[in-house]
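Any chance you could fold what I've pasted below:
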Amino acid sequence: MASVPLAVLAEQLELADQLRAGRTQMFEPQDLPGRYGRAVRAVNHLLHVLQCPSVLGGGWAVWRHGYVGRVPQVLDIALPADRIDEFLRTASVCGFEPLPVRPGRWPKMLHKDTGIEVDILPEGGRPGTERKPAPTVIPHPTQIGAAGAALRYITLPALIELKLAAGRARDVSDVVELLRANADQVEPVRRHLNGVHASYVQTFDELLERAREQGEA
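Numbers count the residues shown, from 1 in each chain. Reported below is the predicted structural model:
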């Protein structure tokens, strides 16, 4: 197992301290500290230029919605299917460079000033794995929390939906922690999932029991 360079570890520890100290003031992605905040603001600038709706999902949304132990290293942004090519072309002349991906994989790019990777979650993309693809696809950003052309956090119900769709061990763990942190949102999230796919409701209830076993959820 590869060791983590001391400089990277030190940065992550400092970032964790900043996030804990400032969480009550960091309501929007643009409020994130350090190079992550700079990368978010660069993405936000692109969205304004293109008048393109988007939400920040993945680990940063997990952190915002209550799992404070999460210290992500990648930005995951959802984009409308018909705006992705335009977004990537504009990004390539505005401080980002595309990263190589295998055919069929979703686009990635690097913010050159900060070294932060940005992963695109495309509308219509199917989460999951090759062996177990999700029964649903990623919705349009405006259906999961986007408002105007500013980058916003994905809503909690939609975040849990996409985590259940992805189905990896990390995603399952995130859902359990989110349930522990959002006990008052259990019923609204279940109602949302009930309108998406029955299998998600079943898995949600199983993970809710796990969350309750680990602590009050």
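
From now on I want contacts and neighbour counts done on CA atoms only, so please keep to that.
Fine.

Show me what the worst-scoring helix or strand of the chain on mean pLDDT is in contact with.
Averaged element by element with mean pLDDT, DSSP states H and E, the chain has its least confident helix or strand at helix 6-22 (a mean of 74). Around helix 6-22, the neighbours that count as contacts under Cα atoms under 8 Å, 6 or more residues apart in numbering are 32-34, 68, 71.

Can you flag which of the residues you listed belong to helices?
With helices defined by DSSP state H, the entries of the contacts of helix 6-22 inside them are Gly34.

Let's see if you can find the most crowded of the contacts of helix 6-22.
Across those, the neighbour count under other Cα atoms under 10 Å reaches its highest value at Leu32, namely 22 neighbours.

How confident was the prediction at it?
pLDDT, Leu32: 93.

Could you do the one 4 residues further on as well?
According to the prediction, Tyr36 has pLDDT 94.

Show me where this structure dips below the pLDDT cut-off.
Flagging of the chain using pLDDT under 70 yields the residue ranges 1-4, 8-9, 216-217.

Of the contacts of helix 6-22, which pair is most distant in space?
Between any two of those, the greatest separation by Cα to Cα is 17.2 Å, found for Gly34 and Val68.

Report all helices and strands that whatever helix or strand Leu88 lives in contacts.
When secondary structure is defined by DSSP states H and E, Leu88 falls within helix 84-91. On a contact count with 3 or more Cα pairs under 8 Å, 6 or more residues apart in numbering; DSSP states H and E, helix 84-91 meets helix 34-50.

In its sheet, which strands sit next to the helix or strand following the helix it packs on, and in what direction?
As assigned by DSSP H and E, the chain's next helix or strand after helix 34-50 is strand 55-57. When sheet partners are counted by DSSP bridges, strand 55-57 sits next to strand 74-79 (antiparallel), strand 152-153 (parallel).

and those strands, which is most packed in?
The highest mean neighbour count among those, using mean count of other Cα atoms under 10 Å, belongs to strand 152-153: a mean of 24.

how near is the residue nearest to Phe27 when sequence neighbours are not counted to Ile116?
In space, Phe27 comes closest to Arg64 once its chain neighbours are excluded; the distance is 7.7 Å by Cα to Cα, 6 or more residues apart in numbering. Arg64 sits 19 Å away from Ile116, taking Cα to Cα, to the nearest Å as the criterion.

of the two, who's got more company?
Residue environment comparison for Arg64 versus Ile116 gives the larger neighbour count to Arg64, 22 against 19, counting by other Cα under 10 Å.

thinking again about what came up before, buried stuff in the helix holding Leu88?
Under the neighbour-count criterion of 16 or more other Cα atoms under 10 Å, helix 84-91 has 84, 87-88, 90-91 buried.

Please export the C-alpha coordinates of that helix as CSV.
Written as CSV, here are the backbone C-alpha positions of helix 84-91 (Å, rounded to 0.1, in the frame of the first residue of the first chain):
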residue,chain,number,x,y,z
ILE,A,84,-20.9,19.1,-21.6
ASP,A,85,-18.9,19.5,-24.9
GLU,A,86,-19.3,23.3,-24.7
PHE,A,87,-18.2,23.3,-21.1
LEU,A,88,-15.1,21.2,-21.8
ARG,A,89,-14.1,23.3,-24.8
THR,A,90,-14.4,26.5,-22.8
ALA,A,91,-12.7,25.0,-19.8
